[in-house]
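Colleague: need a structure here:
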Amino acid sequence: MSEITITKTGTRPAAAASVGERLDRMPITPVHRRLTAVVGVGLLFDTFENNLSGTVSKVLQNDFAFGATTLKLVLASAFIGQFIGSLVLGRVADRYGRRRAFLINLALYSGFSLLGAFSPNATWLIVTRFLAGIGIGAEQSLSDIYLADVLPASKRGRYTAWAYTIAFCGVPAVGFAALWLVPLSPLGIDGWRWLFIAGSLGSAVVWILRRRLIESPRWLAAVGRREEAERLVAAMEAEIPAAARTTTATAPAPAPVPAAEGPVADGPAPEKPRLSSVFRAPFRRRTIMLWLVCVLSVVGYYGFGSLAPQILAAKGYGIVAGLGYTALSFLGYPIGSALSLPVIDRVERKVLVALSAGAMVLTGLGFAYAGSPPLLVLSGFGYTLASNVFANVSHVYMAEQYPTAIRAAASGLAYSLSKLSAAALPFALLPVLDSYGAGPLFGVIAAAMSLLAVTVLVLGERTTGESVDRPSS
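Modeller: Predicted coordinates:
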């Protein structure tokens, strides 16, 4: 157990443990709101990127006259890059800091996405999508663990959901932007190329904003930079209104960090957990659950977002009509994200994951068998709405599984599996769509999401309202 000291603000663990406890006790401050907004805008361009190739896939196929195999490579290339980025930048974040990893990933994405806009052929496009993917690959896992580090325990879910509500505005944004730009050639440049340019320039602006992010105090404490961590927490506490400070000082705190999960003030430093710890008790069960969720969730989430235009084309709708119906369906992404706000910190995370996955099964099958445009849009809207309740709660839940010292690398390892799964999706799902149609395709998706719900309910632990430094079980 960490050393306990008596201070004017009550009983708390000393040194690094006190950093986590003080962060968990805080009310939401202006610093928290600014950090959430900057992270959310960065995530907006992540969702823009992840839905870009799929949204304009039919246009690219026509412009470059490539076949089915090349189409699959175009769709998969960014996700293969993201697989590598998730692995590498997660390690960077644990070793060199969350802020530095944020700046690296956005710089890579912005530069190579801009180069991709001027692709003269399919090979150039595939290579630049792959390299841009390395940059954007760690965006979600870095955002999740950064917010888990800095947000108080009782508000962690709600404010992470706010970040993703901002982010998911990028999905209908790319849908409507494609609907507007694809038929045009502003300044003699193909409309789809402007979409890549917009993503690149937007992420460059976010890079500038992120230079002003503070480093994670929990990470600073975990690597022994305790004085810096204390200064940052003190600065955040200084922004707490005077009326709220008494409440903050006397509020019950989550359980203190055990010695195995964080450094203490005096005595020899405890052994820090290594990344290999995820394969041993007490983390093995969490790792199995998390890896299965990462692999299966991609089938449901990106299976729709990436393949919706292809599904509509298979149903006989033209490119412009398909883009229009896709854009309307994508409106459910930010709305579903907003609907998660009042419930994400009130309903146990793993239960909400399972319920929203079940809703995706029902609405997805409705989309597959819808026989008219209104039913298509309605069921597609319902699917994206449910999928973003699912996405928000699963992002928070995934960031709550590991201690600070390995949180980024361990989460990045899990996220990398989701990127690898996403890269395999076109090769696994397009043949089902081509050979059997939308119904069997969504049957595969329904089976994956059903298995995911069972996995979380059986193997998942309760995390709602708990400190991310909670003792391991």
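Colleague: center of the chain - which residue?
Modeller: Geometric centre of the chain, nearest residue: residue 140, 3.3 Å, by C-alpha atoms, centre = their mean.
Colleague: Give the full set of residues in contact with that residue.
Modeller: Contact partners of residue 140, counting by C-beta atoms under 8 Å, 6 or more residues apart in numbering, are 43, 46, 395, 415. Where C-beta positions appear, they are placed from N, C-alpha and C, glycine not excepted.
Colleague: how much space between the last one and residue 82?
Modeller: In other words, residue 415. To residue 82, residue 415 is 8 Å away according to C-beta to C-beta, to the nearest Å.
Colleague: okay, and the common contacts of these two?
Modeller: Residues touching both residue 415 and residue 82 (C-beta under 8 Å, 6+ apart) are residue 137.
Colleague: Restricting to C-alpha, output the one helix or strand residue 220 maps to in PDB.
Modeller: Assigned by DSSP states H and E, residue 220 belongs to helix 217-222. Extracted in PDB, the C-alpha atoms of helix 217-222 (Å, rounded to 0.1, in the frame of the first residue of the first chain):
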ATOM      1  CA  PRO A 217       0.600  14.400 -15.000                       C
ATOM      2  CA  ARG A 218       0.000  10.700 -14.300                       C
ATOM      3  CA  TRP A 219       2.600   9.800 -17.000                       C
ATOM      4  CA  LEU A 220       5.100  12.300 -15.500                       C
ATOM      5  CA  ALA A 221       4.600  10.800 -12.100                       C
ATOM      6  CA  ALA A 222       4.900   7.200 -13.400                       C
END
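Colleague: Counting by contacts, list what it packs against.
Modeller: Applying 3 or more C-beta pairs under 8 Å, 6 or more residues apart in numbering; DSSP states H and E, we find helix 217-222 packed against helix 15-25, helix 139-150, helix 226-238, helix 404-436.
Colleague: TSV please, covering those helices and showing distance to residue 120.
Modeller: Below are the helices and strands packed on helix 217-222 laid out as TSV (distance: least, C-beta to C-beta, whole Å):
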stretch	distance to residue 120
helix 15-25	50
helix 139-150	28
helix 226-238	48
helix 404-436	23
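Colleague: Nearest to residue 128, out of those?
Modeller: Ranking the helices and strands packed on helix 217-222 by proximity to residue 128 (C-beta to C-beta) places helix 404-436 first, at 15.8 Å.
Colleague: Give me the distance between the closest residue to residue 397 other than its chain neighbours and residue 198.
Modeller: Spatially, and ignoring its direct neighbours in sequence, residue 397 is nearest to residue 349 (4.3 Å; C-beta to C-beta, 6 or more residues apart in numbering). Distance of residue 349 to residue 198, computed by C-beta to C-beta: 34 Å.
Colleague: Specify which residue of the two has the higher count of neighbours.
Modeller: residue 349 (24 against 19; other C-beta atoms under 10 Å).
Colleague: got the contact list for the more buried one?
Modeller: Contacts of residue 349 by C-beta under 8 Å, 6+ apart are 157, 393, 396, 397, 400, 460, 462, 463, 464.
Colleague: hang on, the fifth one in a helix?
Modeller: No. Secondary structure assignment places residue 400 outside any helix; it is coil (DSSP: H, G, I helix; E, B strand; the rest coil).
Colleague: I'd like to know how many residues surround it.
Modeller: Look at residue 400: counted by other C-beta under 10 Å, it has 25 neighbours.
Colleague: what's the answer for the last one, then?
Modeller: Around residue 464 there are 21 other residues, counting by other C-beta under 10 Å.
Colleague: cool, the fourth one as well?
Modeller: Using other C-beta under 10 Å, residue 397 is surrounded by 26 other residues.
Colleague: dump the residue contacts of residue 181.
Modeller: Neighbouring residues of residue 181 by C-beta under 8 Å, 6+ apart: 191, 192, 194, 195.
Colleague: pretty sure the last one is in contact with residue 49, am I right?
Modeller: It stands for residue 195. No. With contact defined as C-beta atoms under 8 Å, residue 195 does not count as touching residue 49 (10.1 Å).
Colleague: Please report how far the residue nearest to residue 397 lies from residue 20.
Modeller: Counting by C-beta to C-beta - residue 349 and residue 20 are separated by 19 Å.
Colleague: element containing residue 88?
Modeller: Going by DSSP H and E, residue 88 is part of helix 68-96.
Colleague: sorry, that was for residue 118
Modeller: Applying DSSP H and E, one finds residue 118 in no helix or strand.
Colleague: Not counting its neighbours along the chain, what's nearest it?
Modeller: Spatially, and ignoring its direct neighbours in sequence, residue 118 is nearest to residue 193 (7.0 Å; C-beta to C-beta, 6+ apart).
Colleague: tally of neighbours for residue 237?
Modeller: Residues near residue 237, counting by other C-beta under 10 Å, number 18.
Colleague: you'd agree it is up against residue 26?
Modeller: Yes. Under the criterion of C-beta under 8 Å, residue 237 makes contact with residue 26 at 6.9 Å.
Colleague: coming back round to it: what does the pLDDT read for the residue nearest to the centre of the chain?
Modeller: pLDDT, residue 140: 87.
Colleague: how close does residue 85 sit to residue 37?
Modeller: Applying C-beta to C-beta to residue 85 and residue 37 gives a distance of 24 Å.
Colleague: With neighbour numbers in mind, choose between the two.
Modeller: Neighbours were counted for residue 85 and for residue 37 using other C-beta under 10 Å; residue 85 has more, 32 against 15.
Colleague: quick one, what contacts the nearest residue to that one once chain neighbours are set aside?
Modeller: Spatially, and ignoring its direct neighbours in sequence, residue 85 is nearest to residue 137 (2.4 Å; C-beta to C-beta, 6+ apart). Counting by C-beta under 8 Å, 6+ apart, residue 137 touches 81, 82, 83, 84, 85, 86, 89, 105, 415, 416, 419.
Colleague: now residue 137: how far from residue 32?
Modeller: Relative to residue 32, residue 137 is positioned 26 Å away (C-beta to C-beta).
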